[in-house]
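Undergrad: the sequence isn't on hand, but the structure is:
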């Protein structure tokens, strides 16, 4: 049995950078308080917790002078200020691409634009982005159909940014809708290609193997999306969170196996799975 | 027989404003040199010529200290400068909406944007617009398919404007194409609604009458478009340049007649046609 691994797969640049910084801080300080879960992967959380990670959800739970980690999604300036007031040391894991969206939103707002953000309203990344806008002249829409034409038409200048993980076709539709009703529309394409490069890699894999093993949390949206892609390609799929979930029977009759991880699946976990499959193949 | 006149129809705001200024100048100075034909309507040109209009195509043909008229399409700053050097008086008929496109193109260029203009390359309005850009960092495209992705992707910031008479769906497609490949796209929707308001009025008319009489030059593109719209509505159409071309037989059996003029058809000509039809109806 042959094994092919999707490329790229697993952590994106921003998540890898954040988790590397977190691991370094854990090695250095022993105890680090993460403001919000640093990664949507229970195996990785287990590992980091053993190293001294404590996940907190509220600023009030930050102990005085502690080491606090801000995840790749980033936070609003108000929250960052509150964190800095309480913490001794802040490890800022904000993804540089997310930082760019925050900066663009701030700049546009400062220059008098009404800001439209394409994104999921409750998502931490989106909360962080809109937190950078100092007034109430913005709106978050998850789809172009949410645009209220009457309201939008009342502005001469509109600025548009996107949560990094949104789909480009939605962004295009949104901008097309806006330019029909507003004199000036200033668009920053802040979509990151990492998510889609990973999906594309899985699509290619699924069309060239007898089955794909997807590694990642069962409740991770981006991992579920990869499972769905494999199914749509008419290829057999097995979704596991760890090596204990791998079923030997699934490999029966398969000559070439593909392996891919969700965007929140660490390399070490993907490698564990690869080794386990190699053992089964022997 | 009833008569219904399309509303709006005939001259748009910019053309009316320019021709009014030209007529005023002709009354005042007797002889006015128009740089390029002021209106695409032979009947109106005949009338204005009788008042003292001389159409010239080259700056060299401007007599010293003469009165020169610049039509609604506008000209580039270089041509305007040359005209001013030779002419005694310049009557600037540039449509304020076209002027806005020229200003937007200039501003974008000054601010370092590569400028994309949606328009017909050889059109006088487009020549005037790109003439405002002081460097070679611009391109004119008549359709989104003309965009060269490799070239476009090499710019971080792109500014987009449109010739005033372009279609909004093309403009939307163009912008959608650009935002996929460029970080920042700053869009000014400089399309004027006048053309489409006139087309819409003809469409409504054609669905409510037994035949539509279109008044305008046989070789005028926008007038031909109105004729086409009437045909597409399955309605009978007669296209005339003047009252002499009206055929009595066409009205036979028709109870309600619609009348509309092209964007370059003057009111007095439309009114002549209305009166002639009223006479036929009596």
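TA: Perfect, thanks for sending it. Being a predicted model, the structure only gives us computed values, none of them experimental.
Undergrad: for the stretch 151-282 of chain A, what spans make up the helices?
TA: Under the criterion DSSP state H, counting those that start in this stretch, the stretch 151-282 of chain A contains helices at A:168-181, A:194-206, A:221-232, A:267-281.
Undergrad: could you list the buried residues of the third one?
TA: To tie it back to what came earlier, the one meant is helix A:221-232. Buried residues in helix A:221-232, defined by neighbour count with 16 or more other C-beta atoms under 10 Å in any protein chain shown: A:222-227, A:229-230. (C-beta placed from N, C-alpha, C; glycine too.)
Undergrad: one more: the second one?
TA: Under the neighbour-count criterion of 16+ other C-beta under 10 Å, helix A:194-206 has A:194-195, A:198-199, A:201-203, A:205-206 buried.
Undergrad: what do you get for the longest one?
TA: Residues of helix A:267-281 classed as buried under the neighbour-count rule (16+ other C-beta under 10 Å) are A:269-270, A:272-274, A:276-277.
Undergrad: now that helix: average pLDDT?
TA: Per-residue pLDDT over helix A:267-281 has a mean of 95.
Undergrad: neighbouring contacts of it?
TA: A:1, A:3, A:5, A:9-11, A:41, A:43-44, A:47, A:213, A:215, A:240, A:242-243, A:246, A:248, A:251, A:257, A:259, A:261 (C-beta atoms under 8 Å, 6 or more residues apart in numbering or on different chains).
Undergrad: quick one on the thing from earlier: nearest to residue A:15 among the buried residues of helix A:194-206?
TA: Closest approach between the buried residues of helix A:194-206 and residue A:15, by C-beta to C-beta: residue A:194, at 8.7 Å.
Undergrad: wait, what's in contact with the closest one?
TA: Applying C-beta under 8 Å, 6+ apart, the residues contacting residue A:194 are A:8, A:12-14, A:263.
Undergrad: give me the subset of those lying in strands.
TA: Using DSSP state E, the subset of the contacts of residue A:194 located in strands is empty.
Undergrad: report the buried members of the contacts of helix A:267-281.
TA: A:5, A:9-11, A:41, A:43-44, A:47, A:213, A:215, A:240, A:242-243, A:246, A:251, A:257, A:259, A:261.
Undergrad: if we can go back for a sec, neighbour-wise, which of the contacts of residue A:194 leads?
TA: Most neighbours among those, by other C-beta atoms under 10 Å in any protein chain shown: residue A:263, with 26 neighbours.
Undergrad: residues in contact with that one?
TA: Counted by C-beta under 8 Å, 6+ apart, residue A:263 has contacts A:10-12, A:15, A:194-195, A:198, A:222-223.
Undergrad: for those residues, work out which two are farthest apart.
TA: By the measure C-beta to C-beta, A:194 and A:223 form the most distant pair in the contacts of residue A:263, at 14.3 Å.
Undergrad: among the buried residues of helix A:194-206, show me the least confident.
TA: residue A:195 (88).
Undergrad: contacting residues for it?
TA: Shown in contact with residue A:195 (C-beta under 8 Å, 6+ apart): A:12, A:164-165, A:222, A:263.
Undergrad: what do you get for residue A:215?
TA: Residue A:215 makes contacts with A:223, A:240-241, A:259-262, A:265, A:269-270, A:273, as judged by C-beta under 8 Å, 6+ apart.
Undergrad: which residues sit against the helix ranked longest in chain A?
TA: When chain A is scanned for its longest helix (criterion: DSSP state H), the result is helix A:13-29. Applying C-beta under 8 Å, 6+ apart, the contact partners of helix A:13-29 are A:11, A:32, A:34, A:38-39, A:44, A:48, A:51-53, A:67, A:69, A:71-72, A:89, A:91, A:93-98, A:164, A:192, A:194, A:263-264, A:266.
Undergrad: and the buried residues of helix A:221-232 as CSV, adding pLDDT?
TA: Output for the buried residues of helix A:221-232, formatted as CSV (pLDDT from 0 to 100):
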residue, pLDDT
A:222, 88
A:223, 94
A:224, 94
A:225, 92
A:226, 95
A:227, 97
A:229, 95
A:230, 97
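Undergrad: contact partners of stretch A:110-127?
TA: A:36, A:71, A:73-76, A:98, A:101, A:105, A:108-109, A:129-130, A:133-134, A:137-142, A:147, A:152, A:155, A:157-166, A:170-171, A:174, A:178, A:186.
Undergrad: show the buried residues in these.
TA: Looking at those with 16+ other C-beta under 10 Å, the buried ones turn out to be A:71, A:73-76, A:98, A:101, A:105, A:108-109, A:129-130, A:133, A:138-142, A:147, A:152, A:155, A:157-166, A:170-171, A:174, A:178, A:186.
Undergrad: next secondary structure element downstream of the strand or helix carrying residue A:48?
TA: Element membership of residue A:48, judged by DSSP states H and E, is helix A:42-51. Remark: after helix A:42-51, the chain's next helix or strand is strand A:53-56, criterion DSSP H and E.
Undergrad: just after that following strand, pick out the following helix or strand.
TA: Using DSSP H and E, the first helix or strand after strand A:53-56 is strand A:67-70.
Undergrad: mind listing the strands that following strand pairs with, and their directions?
TA: strand A:32-35 (parallel), strand A:89-92 (parallel) (DSSP bridges).
Undergrad: what about stretch A:162-170, start to end distance?
TA: 10 Å (C-alpha to C-alpha, to the nearest Å).
Undergrad: which residues touch stretch A:220-231?
TA: Here stretch A:220-231 has contacts from A:40-41, A:165, A:195, A:198-199, A:202-203, A:205-206, A:212, A:214-218, A:236-237, A:239, A:260-265, using C-beta under 8 Å, 6+ apart.
Undergrad: again, only using 7 Å
TA: With contacts defined as C-beta atoms under 7 Å, 6 or more residues apart in numbering or on different chains, stretch A:220-231 is touched by A:40, A:195, A:199, A:202-203, A:206, A:212, A:214, A:216-217, A:237, A:239, A:260, A:262-264.
Undergrad: same check on stretch A:133-153?
TA: A:105-106, A:109, A:114-121, A:126, A:130, A:158, A:170, A:173-174, A:177-178, A:181-182.
Undergrad: 6 Å instead, please
TA: With C-beta atoms under 6 Å, 6 or more residues apart in numbering or on different chains as the test, stretch A:133-153 has contacts from A:105, A:109, A:114-117, A:119-121, A:126, A:130, A:173-174, A:177, A:181.
Undergrad: put the buried members of those residues into a ChimeraX selection.
TA: In ChimeraX, this line selects whichever of the contacts of stretch A:133-153 come out buried by 16+ other C-beta under 10 Å:
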select /A:105,109,114,115,116,117,119,126,130,173,174,177,181
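Undergrad: so what pLDDT did residue A:165 get?
TA: On the pLDDT scale, residue A:165 gets 92.
Undergrad: how much space separates the nearest residue to it once chain neighbours are set aside from residue A:221?
TA: When the adjacent residues along the chain are set aside, residue A:165 lies closest to residue A:195, with 5.1 Å between them (C-beta to C-beta, 6 or more residues apart in numbering or on different chains). Separation of residue A:195 from residue A:221 (C-beta to C-beta, to the nearest Å): 10 Å.
Undergrad: buried set for stretch A:51-64?
TA: For stretch A:51-64, a neighbour-count test (16+ other C-beta under 10 Å) marks A:53-56, A:59, A:62 as buried.
Undergrad: next, the residue in the stretch 1-150 of chain A that chain B sits nearest to: secondary structure please.
TA: Going by C-beta to the nearest C-beta, chain B is nearest to residue A:104 of the stretch 1-150 of chain A, at 8.5 Å. The assignment at residue A:104 comes out as helix when based on DSSP: H, G, I helix; E, B strand; the rest coil.
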